[in-house]
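J.: pasting the sequence and the predicted coordinates here, then a few questions.
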Amino acid sequence: MGENFQCVVFNLNAPFDATNKLSLWEDIFSFHSHYIMSWCCAGDFNTIRCLEERTRCTHSGLGMTKFNDFIDLCELTDLPLVGKKFTRYRSNYKCSCINRL
């Protein structure tokens, strides 16, 4: 990378509600289309990409599809986790991978 490397970096905490989450994905995509450069997104996306990212919890196939569409549209790369398989552990052995970098 050269001296003039520019990158958009942001950390987010997505809402739990599906409608508000979809609105957030749309807002980020709109913002993304105005800043054509490298991006680094991190935070609690409050959703999963595939069924293997969650145990003993409810899930939405539509939510997963919309989240994967968002990742594809923004041309993001989901970096693999190192270490533990899940990023959130709750009572009753509920686990999920909802935080990403």
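T.: Now that the structure is in, tell me what you want to look at. Residues are numbered from 1 along each chain as shown.
J.: for the host helix or strand of Asp72, buried residues please.
T.: Element membership of Asp72, judged by DSSP states H and E, is helix 61-73. Using 16 or more other C-beta atoms under 10 Å as the test for burial, helix 61-73 gives Gly63, Met64, Lys66, Phe67, Phe70, Ile71. The C-beta positions use only the backbone N, C-alpha and C, and glycine is treated the same way.
J.: what's the answer for stretch 19-33, then?
T.: Result for stretch 19-33 [16+ other C-beta under 10 Å]: buried residues Lys21, Leu22, Leu24, Trp25, Ile28, His32.
J.: where in the chain is pLDDT low?
T.: The chain contains residues with pLDDT under 70 at 1-2, 56-60, 81-101.
J.: what segments of it are helices?
T.: Here the chain has its helices, by DSSP state H, at 18-34, 61-73.
J.: just checking, what packs against the first one?
T.: Here helix 18-34 touches helix 61-73, going by 3 or more C-beta pairs under 8 Å, 6 or more residues apart in numbering; DSSP states H and E.
J.: what lies in contact with the helix it packs on?
T.: 18, 21-22, 25, 28-29, 32, 45, 47-51, 78 (C-beta atoms under 8 Å, 6 or more residues apart in numbering).
J.: give me that answer again for 7 Å
T.: With C-beta atoms under 7 Å, 6 or more residues apart in numbering as the test, helix 61-73 has contacts from Ala18, Leu22, Trp25, Phe29, Phe45, Thr47, Ile48, Arg49, Cys50, Asp78.
J.: buried only: go through those residues for me.
T.: The neighbour-count test (16+ other C-beta under 10 Å) marks Leu22, Trp25, Phe45, Thr47, Ile48, Arg49 as buried among the contacts of helix 61-73.
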